[in-house]
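Q: coordinates only, no sequence provided:
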């Protein structure tokens, strides 16, 4: 009976980490969405057993974490570039994604939810204005920045979903 309770407790604690991983992936300013899956698996392993987790599991999880961490910036840069943005627009969009949420932090949770998206748009547009681009080009790059930000977030959710599914497949 004690083993079943320990197993259930381990699954519950690990599941809380999985929920936190998905939440922090949806709120881009909070770091480490993909990273939270690994402590969940470690806690399960320490409490129950590491046997379900093969070397392929750990290497795969590490690769997914790295891809996840790079995807924000890569998506932002590719989206702005695809819409004809300049290097200044790419840099502005990337910086804006992190700076605006801090500047509007007085809005509380709204700053975390909308700040990165608005920051990416405003930053990319500011970069293009700095390069003295026409207003229609600036708007086009801002739109590209918004689409790339949303696509990057969607991609990250899929990656974290794969990590979480892999964990549950391994333990069940």
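A: The structure has been received and is ready for your questions. This is a predicted model, so every value here is computed, not measured.

Q: got the buried residues for the longest helix seen in the chain?
A: Ranked by residue count under DSSP state H, the longest helix found in the chain is helix 135-171. Under the neighbour-count criterion of 16 or more other CB atoms under 10 Å, helix 135-171 has 137-138, 140-142, 144-149, 152-153, 155-156, 159-160, 162-164, 166-167, 171 buried. Every C-beta, even on glycine, is put in place using the N, C-alpha and C of the backbone.

Q: ok, the nearest residue to residue 144 once chain neighbours are set aside to residue 90 distance?
A: Nearest residue to residue 144 in three dimensions, chain neighbours excluded: residue 83, at 2.9 Å (CB to CB, 6 or more residues apart in numbering). Separation of residue 83 from residue 90 (CB to CB, to the nearest Å): 11 Å.

Q: more neighbours: those two, which one.
A: residue 90 (23 against 20; other CB atoms under 10 Å).

Q: give the helix, strand or coil label for that one.
A: Recorded secondary structure, residue 90: helix (DSSP: H, G, I helix; E, B strand; the rest coil).

Q: from residue 99, how far out is it?
A: 15 Å.

Q: try residue 24
A: Relative to residue 99, and taking CB to CB, residue 24 is found at 19 Å.

Q: quick one: the host helix or strand of residue 127 to chain centroid distance?
A: Here residue 127 sits within helix 109-130, counting by DSSP states H and E. On the basis of CA atoms, centre = their mean, to the nearest Å, helix 109-130 sits 16 Å off its chain's mean C-alpha point.

Q: what residues sit buried inside that helix?
A: So for helix 109-130, counting by 16+ other CB under 10 Å, buried means 111-113, 115-129.

Q: in space, not sequence, find me the middle residue of this structure.
A: residue 25 (4.0 Å; CA atoms, centre = their mean).

Q: so who does residue 79 touch?
A: Residue 79 sits next to 144, 145, 147, 148, 149, 151, 152 when contact means CB atoms under 8 Å, 6 or more residues apart in numbering.

Q: in which helix or strand does it reside?
A: Assigned by DSSP H and E, residue 79 falls within helix 55-82.

Q: now that helix: mean pLDDT?
A: Per-residue pLDDT values over helix 55-82 give a mean of 89.

Q: quick one, that helix and helix 109-130 angle?
A: 50 degrees (axes from the mean of the first three to the mean of the last three CA atoms, to 10 degrees).
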